[in-house]
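when you get a sec, could you give me coordinates for this:
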Amino acid sequence: MNTINLDAKGRMAMPARYRELLSDKYAGRLVATVDFSGQCLLLYPIDEWDVIQQKVEGLSSFDRASRQVQRMLIGHAHDVEMDGSGRILLPQILRARAQLDKHVALVGQGMKFEIWSEERWNEQADSWFSGDTGQDELPSELLSLSL
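Reported below is the predicted structural model:
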């Protein structure tokens with residue numbers, strides 16, 4: 001997890017440890033969208049987003065839950081690009097949806113990042129560390145996982 005300041009224009013500097021890979025492998029091209037939970041933003045390298053978008057577009061348009069996912073993820077997707085200083089501009093609509101202010105938490109999640117309000121991230125992390133997962137039991141996939 002990295003704590004990052006947003007500037008007055010809504011730009012955030014990607015941490016140096018990610019910049020080179022994102023520049024070299026993806027030409028600094030990323031896609032930002034809302035997380036379905038509405039608590040944070042999701043930031044995908046363009047090639048990873050293309051895979052997700054195809055899967056979401058392949059969901060049935062006759063299923064209400066699938067349509068809602070399509071509307072949320074694809075409908076809020078914005079192409080963003082790292083500038084020469086390694087900064088990305090987060091669109092105002094997305095910043096408002098995730099209630100981002102000056103201080104954000106960038107959380108690496110494998111092939112994507114989550115962008116949280118630092119305050120909201122700390123509250124959520126404290127809740128998780130206290131044992132409140134928001135679920136009664138773990139999914140079976142996690143029960144067989146050895147960390």
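
chain center to stretch 37-57: distance?
Average the C-alpha atoms of stretch 37-57, do the same for its chain, and the two points are 8 Å apart (CA atoms, centre = their mean, to the nearest Å).

oh, that last question was meant for stretch 32-51, not what I typed.
Worked out by CA atoms, centre = their mean, stretch 32-51 lies 5 Å from the chain centre.

going by neighbour count, which residues in it are buried?
Neighbour-count burial for stretch 32-51, counted by 16 or more other CB atoms under 10 Å, picks out 32-35, 39-46, 48-49. In short, each C-beta sits where N, CA and C put it, glycine included.

and the residue positioned nearest the centre of the chain, what element?
Most central in the chain under CA atoms, centre = their mean is L42, positioned 1.5 Å from the mean C-alpha point. Using DSSP states H and E, L42 sits within strand 41-45.

before we move on, the earlier item: mind listing what the residue nearest to the centre of the chain touches?
32-35, 73, 112-115 (CB atoms under 8 Å, 6 or more residues apart in numbering).

that one pairs with what?
Note on L42: beta-bridge partners by DSSP bridges are T33, E114.

how close does it get to S85?
Between L42 and S85 the distance is 23 Å, computed by CB to CB, to the nearest Å.

now swap in L6 and tell me
14 Å.

so for the two, which sits in the more crowded spot?
Using other CB atoms under 10 Å as the criterion, L6 and S85 rank with L6 on top: 19 against 9.

correct me, but the more buried one touches L90?
Yes: counting by CB atoms under 8 Å, L6 touches L90, with 7.2 Å between them.
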